[in-house]
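J.: Sequence first, predicted coordinates after that:
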Amino acid sequence: MLDFIYYPVSFILWCWHWVFGHIFGETSAISWALGIVFLVFTLRAIMFKPMVKQVRSMRKMQEFAPEIKKLQKKYANDKQKLAQEMQKLQAQHGVSPLGGCLPMLLQIPVFIGLFHVLREFEPNKTENYFFDAKGVESYMAADLFGARLSNWITQPSAELAAFPGGIDRGSIFLVAIPLMILASALTHLTARHSVARQNPDAATQQTAIMNKLTLYIFPLGVLVGGFFFPIGLLIYWLSNNSWTLMQQHVVYQKIDKEEAAAKAAAVEKRSAAAPKPGQKPTQPKKAAPQRKPADDAATPAAPESKPDNKPRPGQKPQAPKPSDNGKAGGTQVPGPSADRSRKKSGRKNR
């Protein structure tokens with residue numbers, strides 16, 4: 001039914017086992033353990049970009065968390081309207097709720113596929129998807145400190161006795177218990193690292209519940225589930241959590257640097273536009289309107305202004321200066337002529 005998951009998972013495991021089998025030997029437990037580890041690394045490398053998108057989506061969700069709280073208070077009694085407004089808000093900010101869950105959803109079928117493939121390694125089995133009878137026999141013979149990779153702590157005694165030479169349950173405890181503890185501790189550390197990056201203003205009741213689940217319930221589930229998981233699956237879980245913790249550290253550092261660079265660029269831009277200390281802000285000068293040639297031709301020329309001969313206030317009027325011909329400034333002086341003045345003076349002398 002889920003062969004479309006089982007075959008790709010088994011093929012990747014087959015490829016890495018083939019690589020390390022040429023180095024350490026086909027029946028070596030190291031070859032199989034490294035094959036499982038690099039199976040995880042391969043799948044997680046494929047999902048690296050979706051994981052980065054998940055982190056960016058979570059950061060954006062935290063930025064407009066106050067707006068989400070306002071909507072939750074406003075439409076507390078109308079769940080349908082709240083869902084519509086939440087979709088509008090997420091569309092405005094370019095956030096998809098599926099983008100934050102996609103990497104986690106993709107890991108579920110991988111876990112199920114590897115769990116099934118490892119459980120299918122059984123004594124006297126002729127094939128296991130991409131593995132032939134020789135591959136199955138190689139996996140069953142891989143010895144890791146007296147235990148097999150397909151053993152688990154609560155495995156029935158009849159199945160343990162079916163292995164060549166029999167399997168001591170104490171050897172399984174010796175290998176499985178440290179792997180269980182390490183896997184559980186790394187699950188807790190990964191969740192703590194993620195919770196520490198959350199914005200306190202974005203905290204809600206749902207967020208608090210999810211944080212408790214990831215911090216305590218999931219690690220406890222790994223610890224309890226380790227009693228029923230094969231040793232090979234515990235190696236997968238341990239390597240998967242190790243990759244997640246390392247990837248979170250790298251991605252968060254990268255995003256922090258990008259945000260710091262963006263903030264520094266914004267501050268530098270504002271400081272460049274602001275006036276210097278003690279300097280008045282300069283206002284842009286308005287450009288004088290330019291006349292068109294057609295307007296100049298249509299506008300009549302202004303008449304030439306004549307000199308104003310009127311005296312200024314408080315100034316005596318100036319008398320015209322007489323010229324040689326009795327004219328002032330080329331103008332004839334009013335009054336009696338020169339002949340009349342001579343006549344009058346002659347009469348008086350008589």
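T.: Thanks, I have the structure now. Numbers count the residues shown, from 1 in each chain.

J.: what residue ranges in the stretch 51-200 of the chain score low on pLDDT?
T.: Applying pLDDT under 70 to the stretch 51-200 of the chain picks out residues 62-65, 93-104, 199-200.

J.: Please read the previous query as pertaining to the stretch 201-350 of the chain.
T.: Low-confidence segments of the stretch 201-350 of the chain, defined by pLDDT under 70: 201-204, 274-350.

J.: a helix runs through residue 139, doesn't it?
T.: Yes. According to DSSP: H, G, I helix; E, B strand; the rest coil, residue 139 belongs to a helix.

J.: quick one, longest helix in the protein?
T.: helix 231-273 (DSSP state H).

J.: Output the contacting helices and strands for that helix.
T.: Contacts defined by 3 or more C-beta pairs under 8 Å, 6 or more residues apart in numbering; DSSP states H and E place helix 231-273 against helix 29-46, helix 48-63, helix 97-119, helix 169-196. Heads up, the C-betas are built off the backbone N, CA and C, glycines and all.

J.: Out of the ones you listed, which is the most enclosed?
T.: Highest mean neighbour count among the helices and strands packed on helix 231-273 (mean count of other C-beta atoms under 10 Å): helix 29-46, with a mean of 20.

J.: Identify the residues contacting that one?
T.: Here helix 29-46 makes contact (C-beta atoms under 8 Å, 6 or more residues apart in numbering) with 9, 12-13, 16-17, 19-21, 23-25, 51, 110, 114, 138-139, 142-144, 149, 232, 235-236, 239-240, 243-244, 247.

J.: got the angle between the helix or strand hosting residue 7 and helix 231-273?
T.: Assigned by DSSP states H and E, residue 7 falls within helix 3-24. Put simply, helix 3-24 runs at 100 degrees to helix 231-273, going by axes from the mean of the first three to the mean of the last three C-alpha atoms, to 10 degrees.

J.: what about residue 76, neighbour count?
T.: Residue 76 has 9 neighbours, counted by other C-beta atoms under 10 Å.

J.: so who does it touch?
T.: Under the criterion of C-beta under 8 Å, 6+ apart, the neighbours of residue 76 are residue 82.

J.: Would you quantify the distance from it to residue 230?
T.: Per C-beta to C-beta, to the nearest Å, residue 76 is found 48 Å from residue 230.

J.: For residue 17, grab the count of nearby residues.
T.: Quick note: residue 17 (other C-beta under 10 Å) scores 26 neighbours.

J.: ok, now residue 232?
T.: By other C-beta under 10 Å, neighbour count at residue 232 equals 28.
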